[in-house]
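Asks: no sequence on this one, just coordinates:
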């Protein structure tokens, strides 16, 4: 990760890093015993301001299997945040005790904000609807390990493309690989947002939108299914969307029309968008995906924990403004003003 | 456990395994240092869908003292179950990350259900009112270590025999040992249920029912006290049962009439059924029982973690039906139909 | 800690122990690698009946960096206390599984009570408004490491001196060091309580009270800032106290009048009593203080875990009486009567 200090979003990762991580991941899969003491004496802080089982478990198991140890919290009510402590002070204190900080927050931009105050590398384990880079690491690692090189693929994205954070990140990451074409399938209210389609056009990525999964399947090398995330769509979805139309559900019958070497992925947890009968199909890789997620996190933690402890660069006090009500700057008024090249908020990316 | 893969109920354990576990337990007690790295590199997943301090601590301490490590959750609100994830998917994911899964759930039959989807050994740390086999391991280990062989004993069971899951399991387990006789003492509303008395008759186990603890004490070699479990008796107990009648409370005075080498056990936590003054009596073994519980779990985890990771046998999707509203099949509709020899539900054992 | 078994309050620590702990602390800071396996095979139980991030993290990180492991709970709802289990039984069970117990409780005197039933050393991580000795360890360790010897200092205490438990302990501990003079600054409703000023007079400690921080600053070698603890002042503070008057807020401007080698401490978390701009001043040591807190706890845990497991002395059952409604004796009726030399409650110290 030579150069990366904090993993905030997928765009932090260059193509050479992707390959370096995949390479190390394959080695760990092949010889796990050689890595079982690699992070011995190192401590990972696990700060989950909102619940997550999968991400939390995969990070904890990864650190433990490297011979390291873990402390942290699982929900914000158990923390001094409930006593009014700022995120900055929580991070300063936590990074004083640990060698790497893994953080999940419901506030967008929280990971960027936290990284400004940390003495050790910080990993974004999900910041609201904004980014979840280690899910994308997991998705790509699964492709790299099961299919070899990531290139010349037709990738189907199906389900909640509007709020599906993992889908947006996947597109952003796959843009760095050669000859990737996308096929999008979603209920109209959950179609891919403009900022992603603009991104794809700007990068000359080919994509088509088709109305149902049946229409998409025959052409796909990879199918990435997503669930409708209730906790993010409360205001906007109609009842018919919440009960997922059959057009977007994957069943064994539909797979009859799919390629023999199709790779089926899902970030999990799933609700009903993949029928249980599909689990037995050898093309279903979403459970293996969980295991690869642990291995790729081992590769990441190994690289990050090798970095030295360094006092962060001092930053200005206050000045951040953002129109997004979910942005971390709304809750932490001392944050400095940070802007992206396009003038968007440097924390949550909203313009 | 040569043959056992998952520990779901006490009937899973044969007499030769009991003896093998006791033997290993005694060795660990004698030479704990020899085992302090035995599970190094191994990871235990601790999935507690309902709170428990004792069972959770004893498993965690056991794994840590074998040099292993632990991750997990303590209550269901912190989990993706609250996002609609199935138990099967939670188990698939968790077993991908761990070498053994220890699970407590309020749903009866949950452990059996979970075991169908796990790649690693699974231990039932309590599934509602159904089974709690490691409590029975603890109870018998305490007898084996403090009294030697388990045979030729008059065992008193006192308190809540109706809802006392640990009592039912203890009877089931002791049935495998020679010449065990039972003396039952309980308020009438909390008497031993029919299915247990039928079991005892079918196994030719002698038992008598006496109205008070005073009547039982002089004849006992072992006294097993239980508390009235408020959280399981809300609908049925009268106010007079909830305030435990003196007839069922153990005091120092009553012990004057007991055998000198009586062994007093209690699964704990206790409320008021054993007066604190009894704690100083050398016959009180219920605190030692906690410590033996850690050692017998060390023996169990050592054996289970030595087993290889294996993909579970595929099972059918759906078909389970059960009349018990607390049965796991009511919550997880994809579970396959499993039946016991007597036609009862293969998950919760209810007919 | 040769002689100390349990760390309940700062008065348990003699001057020679202070120096012994500081000495070990400096060694650990200088050569952390030499200690990374010192507590290998040892297990710390972390019983937090009320939430705390900082204290919990500092203890966990300390134990992990000594090569030990940790289990425990973070809030009382996840425990068998919610099933009616006594504190004594919880401690008996927990100490059976661990080598040291670290406990935080909202009840005053809880640590003393717990220590009566523990087979292993017990550390008070805070018992309501009563004591928080490891915070004082942290405060003094910071002074010892950054300033050398603790002597000939003018120490300013500013903020909530009435409910600020850490302030009371700091005074009590500093009384053991030569030539320490105090300057007190607080809103009138939050002035230092009588029992502390009486203590200072009884020990011939010089102290003056000044109305604002500006008045105090020029004379100080050490400034100890505290926050208004909302969760302890609900009934008594007026709205004007809750919004902290400028007189008690530390800003960069005010520091212009302070000594060049002033040491600024704060137990954290802070809310608004130290302006963020102060963080960049080299005299601000409150973030370093967090890190020293981890090191001094490593020293403490190292010493305590070297002690043998010992059955506690039997104690009487019942008899404790105390007028303090927050005293642990109100919740745990079996506790024996314990009195201080001055007749005060032996648990919470209230007369």
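Replies: The structure has been received and is ready for your questions. Just so it is clear, the model here is predicted, and its values are computed rather than measured.
Asks: the lengthiest helix in chain A packs against which elements?
Replies: In chain A, taking DSSP state H as the definition, the longest helix is helix A:286-305. On a contact count with 3 or more CB pairs under 8 Å, 6 or more residues apart in numbering or on different chains; DSSP states H and E, helix A:286-305 meets helix A:15-30, helix A:54-65, strand A:100-105, helix A:133-147, strand A:263-265, helix B:87-97. C-betas here are computed from N, CA, C, even on glycine.
Asks: closest one to residue C:100 among those?
Replies: Closest of the helices and strands packed on helix A:286-305 to residue C:100 is helix A:54-65, at 22.0 Å (criterion: CB to CB).
Asks: quick one: the helices in the stretch 101-250 of chain A?
Replies: A:110-115, A:133-147, A:165-174, A:194-202, A:213-216, A:230-233, A:239-242 (DSSP state H, counting those that start in this stretch).
Asks: how about the nearest residue to the residue nearest in space to the middle of chain A, chain neighbours excluded?
Replies: Closest residue to the average C-alpha location of chain A: residue A:132 at 2.6 Å, with CA atoms, centre = their mean. Leaving out its chain neighbours, the residue that sits closest to residue A:132 by CB to CB, 6 or more residues apart in numbering or on different chains is residue A:126, at 4.3 Å.
Asks: with residue A:162 instead?
Replies: residue A:190 (4.4 Å).
Asks: then residue A:217?
Replies: residue A:258 (4.6 Å).
Asks: do you know how far the one you found is from chain B?
Replies: Applying CB to the nearest CB, to the nearest Å, the value for residue A:258 to chain B is 20 Å.
Asks: got any ranges where chain A has weak pLDDT?
Replies: Scanning chain A for pLDDT under 70 picks out the ranges A:1-3, A:78, A:80-83, A:228-244.
Asks: how many neighbouring residues does whichever residue of the stretch 251-351 of chain A sits closest to chain B have?
Replies: The nearest approach of the stretch 251-351 of chain A to chain B comes at residue A:269, 3.4 Å away (CB to the nearest CB). Applying other CB atoms under 10 Å in any protein chain shown, we find 18 residues neighbouring residue A:269.
Asks: and residue A:245, how far is that from residue A:159?
Replies: 11 Å (CB to CB, to the nearest Å).
Asks: who's more crowded, these two?
Replies: Neighbour count, other CB under 10 Å: between residue A:245 and residue A:159, residue A:159 has more, with 27 against 10.
Asks: residues contacting that one?
Replies: A:167, A:185, A:186, A:190, A:225, A:226, A:227, A:228, A:244, A:248, A:273 (CB atoms under 8 Å, 6 or more residues apart in numbering or on different chains).
Asks: ditto for residue A:213
Replies: A:156, A:158, A:185, A:247, A:248, A:249, A:250, A:254.
Asks: my guess is the residue nearest to the centre of chain A contacts residue A:165, does it?
Replies: Yes: contact status for residue A:132 versus residue A:165: in contact at 5.3 Å, counting by CB atoms under 8 Å.
Asks: joint contacts of those two?
Replies: By CB under 8 Å, 6+ apart, the residues touching both residue A:132 and residue A:165 are residue A:126.
Asks: could you check how far the residue nearest to residue A:132 is from residue A:170?
Replies: With CB to CB as the criterion, residue A:126 and residue A:170 are 14 Å apart.
Asks: before we move on, what about residue A:109?
Replies: 20 Å.
Asks: who has more neighbours, the two?
Replies: residue A:109 (32 against 25).
Asks: surely that one meets residue A:127?
Replies: Yes: contact criterion CB under 8 Å: residue A:109 and residue A:127 qualify, at 6.3 Å.
Asks: overlap in contacts of these two?
Replies: A:328, A:348.
Asks: quick revisit: nearest to residue A:50 among the helices of the stretch 101-250 of chain A would be which one?
Replies: helix A:230-233 (9.2 Å).
Asks: which SS state does residue A:38 fall under?
Replies: With DSSP: H, G, I helix; E, B strand; the rest coil as the basis, residue A:38 sits in coil.
Asks: excluding its backbone neighbours, what's nearest it?
Replies: residue A:66 (4.9 Å).
Asks: what's the neighbour count on that neighbour?
Replies: 24.
Asks: state the distance from it to chain C.
Replies: 14 Å.
Asks: with residue A:203 instead?
Replies: 40 Å.
Asks: wait, that residue touches residue A:175, no?
Replies: Yes: contact criterion CB under 8 Å: residue A:203 and residue A:175 qualify, at 4.8 Å.
Asks: quick one on the thing from earlier: filter the contacts of residue A:213 down to the buried ones.
Replies: Buried subset of the contacts of residue A:213 (neighbour count, 16 or more other CB atoms under 10 Å in any protein chain shown): A:156, A:158, A:185, A:248, A:249, A:250, A:254.
Asks: which of the residues you listed sit farthest apart?
Replies: Greatest spatial distance among the buried ones among the contacts of residue A:213 (CB to CB): A:156 and A:249, at 13.8 Å.
Asks: so residue A:112 makes contact with residue A:345?
Replies: No: counting by CB under 8 Å, no contact exists between residue A:112 and residue A:345, whose distance comes to 9.3 Å.
Asks: got any residues that touch both of those two?
Replies: In contact with both residue A:112 and residue A:345: residue A:338, using CB under 8 Å, 6+ apart.
Asks: can you list the residues of the stretch 251-351 of chain A near chain B?
Replies: A:268, A:269, A:270, A:271, A:276, A:277, A:280, A:287, A:290, A:291, A:294 (CB under 8 Å from any CB of the partner chain).
Asks: quick check, nearest of the residues you listed to chain C?
Replies: residue A:294 (20.5 Å).
Asks: what's near enough to touch the closest one?
Replies: By CB under 8 Å, 6+ apart, the neighbours of residue A:294 are A:58, A:61, A:62, A:65, B:96, B:97.
Asks: let me have these in JSON lines, extended by neighbour count and distance to residue B:328.
Replies: Listed next are those as JSON lines, based on neighbours: other CB atoms under 10 Å in any protein chain shown; distance: CB to CB, whole Å:
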{"residue": "A:58", "neighbour count": "28", "distance to residue B:328": "25"}
{"residue": "A:61", "neighbour count": "26", "distance to residue B:328": "25"}
{"residue": "A:62", "neighbour count": "27", "distance to residue B:328": "30"}
{"residue": "A:65", "neighbour count": "26", "distance to residue B:328": "30"}
{"residue": "B:96", "neighbour count": "23", "distance to residue B:328": "21"}
{"residue": "B:97", "neighbour count": "24", "distance to residue B:328": "22"}
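Asks: would a markdown table of those with distance to residue A:48 be doable?
Replies: Converted to a markdown table, the contacts of residue A:294 look like this (distance: CB to CB, whole Å):
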| residue | distance to residue A:48 |
| --- | --- |
| A:58 | 12 |
| A:61 | 15 |
| A:62 | 15 |
| A:65 | 19 |
| B:96 | 20 |
| B:97 | 16 |
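Asks: and of those, the nearest to residue B:317?
Replies: Closest to residue B:317, out of all of those and judged by CB to CB, is residue B:96, at 20.2 Å.
Asks: chain neighbours aside, what residue packs nearest to the closest one?
Replies: Once flanking residues are discounted, residue B:96 sits nearest to residue A:291: 4.2 Å by CB to CB, 6+ apart.
Asks: what's the local residue count around residue A:120?
Replies: 26.
Asks: I'd like the distance between it and residue C:167.
Replies: 31 Å.
Asks: can you count the residues close to residue A:259?
Replies: Residue A:259: 16 neighbours (other CB under 10 Å).
Asks: and if you look at residue A:301?
Replies: When neighbours are counted by other CB under 10 Å, residue A:301 comes out with 25.
Asks: can you check residue A:150 too?
Replies: 23.
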